[in-house]
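# Got a sequence here, can you build the structure:
(2 chains)
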Amino acid sequence: MKVKVFFFAALREQVGVACEDIDLPGEKSTIAALRSHLAARGGAWASALSDKKLLRFAVNQDVARTDATLKAGDEVAFFPPVTGG
Amino acid sequence: MKILVQREDFDCGAEIEQVARGNPKVGAVASFVGLVRDVNEDAAVRTMTLEHYPGMTERSIAQIVEEARTRWNVIDCTVIHRIGELKPTDRIVLVVVASGHRGDAFAACEFIMDYLKTRAPFWKKEQTPQGARWVEARAVDDEAAARWKDK
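Prediction:
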């Protein structure tokens, strides 16, 4: 199944990608599985997405937890804790 | 309710004037303006660039405003947040809340700012003499947002 993944701010700079279509195995997945899938690419991906990094997530533009279910066509975002205002 | 994410500066006086204009139920208008400082964590800040997540930003601010409306009397509200490159003394954010009485207006305005700082997807990158750096999220901002949980 395909999902669209966005990366923002410091994370976007670390992985060098702002947006990418990702093909995940199966018909359902989770944020945690997507994170592992991307970290398995190694290099900057492994360090930027390691469990030690404090990250935030969104699914279809709503804040989501790592156990959130993903389905085909979802818009997923990975980003550092926010610093606006 | 008016929510804007924009590069351009805003006119605080005009925005305060326009909130709930002509509505005789409004007895109080509270506002907050956030500005760029020239120093952060002991480093001089030359410029600051604000990045955001288009779509989710407006959506999350709308949700924060809706939550404020469930807690307090909010007759009208304007939130404007700037993006792009800003320099010290520039305005970053404006929150204006119109209510029947000042207690609701003050509380809702502070609540919206506290939640915006911890929930709306904006990120600041500072240019300092030592180079560029992303601003780290601060625990005090989480604490400020958390104190509204029981109110």
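# For B:Asp142, report the pLDDT, please.
You'll see B:Asp142 listed with a pLDDT of 89.
# Now it: phi and psi?
Dihedral pair for B:Asp142: phi -60, psi -40, per degrees, to the nearest 10.
# so how far is chain A from the residue of chain B most remote from its centre?
Most distant residue from the mean C-alpha position of chain B: B:Gln130, 28.3 Å away (C-alpha atoms, centre = their mean). Separation of B:Gln130 from chain A (C-beta to the nearest C-beta, to the nearest Å) stands at 16 Å. Every C-beta, even on glycine, is put in place using the N, C-alpha and C of the backbone.
# For that residue, grab phi and psi.
Geometry field for B:Gln130 lists phi and psi as phi -90, psi 0, criterion degrees, to the nearest 10.
# give the contact list for the closest residue to chain B within chain A.
Across chain A, the shortest distance to chain B (C-beta to the nearest C-beta) belongs to A:Gly84, at 2.6 Å. By C-beta atoms under 8 Å, 6 or more residues apart in numbering or on different chains, the contact set of A:Gly84 is B:Leu50, B:His52, B:His81, B:Val93, B:Leu116, B:Lys117, B:Ala120, B:Pro121, B:Phe122, B:Trp123, B:Lys124.
# Could you say which helix or strand holds it?
Counting by DSSP states H and E, there is no helix or strand that carries A:Gly84.
# B:Phe10 too?
With DSSP H and E as the test, B:Phe10 turns up in no helix or strand.
# Leaving out sequence neighbours, find the closest residue to it.
Take B:Phe10 and drop its neighbours on the chain: the residue closest to it by C-beta to C-beta, 6 or more residues apart in numbering or on different chains is B:Ile80, 4.8 Å away.
# hey, what's that neighbour bridged with?
Following DSSP bridges, B:Ile80 is listed with bridge partners B:Leu4, B:Leu94.
# Next, count neighbours for it.
23 (other C-beta atoms under 10 Å in any protein chain shown).
# before we move on, what about the one 3 residues further on?
Taking other C-beta under 10 Å as the criterion, the count of residues near B:Ile83 is 17.
# B:Arg59 too?
There are 17 residues near B:Arg59, going by other C-beta under 10 Å.
# B:Ala98 now?
B:Ala98 - counted by other C-beta under 10 Å - has 27 other residues nearby.
# The helix or strand that contains it packs against which elements?
For B:Ala98, the host element (DSSP H and E) is strand B:91-99. Counting contacts by 3 or more C-beta pairs under 8 Å, 6 or more residues apart in numbering or on different chains; DSSP states H and E, strand B:91-99 is packed against helix B:12-18, strand B:28-35, strand B:76-82, helix B:102-119.
# can you list contacts of the longest one?
Contacts to helix B:102-119, defined as C-beta under 8 Å, 6+ apart, come from residues A:63, A:82-85, B:27-32, B:34, B:60-61, B:64-65, B:67-69, B:71-74, B:77, B:79, B:81, B:93, B:95-99, B:137, B:141-142, B:144-145, B:147-148, B:151.
# A:Arg56 pairs with what?
Beta-bridge partners, per DSSP bridges, of A:Arg56: A:Phe79.
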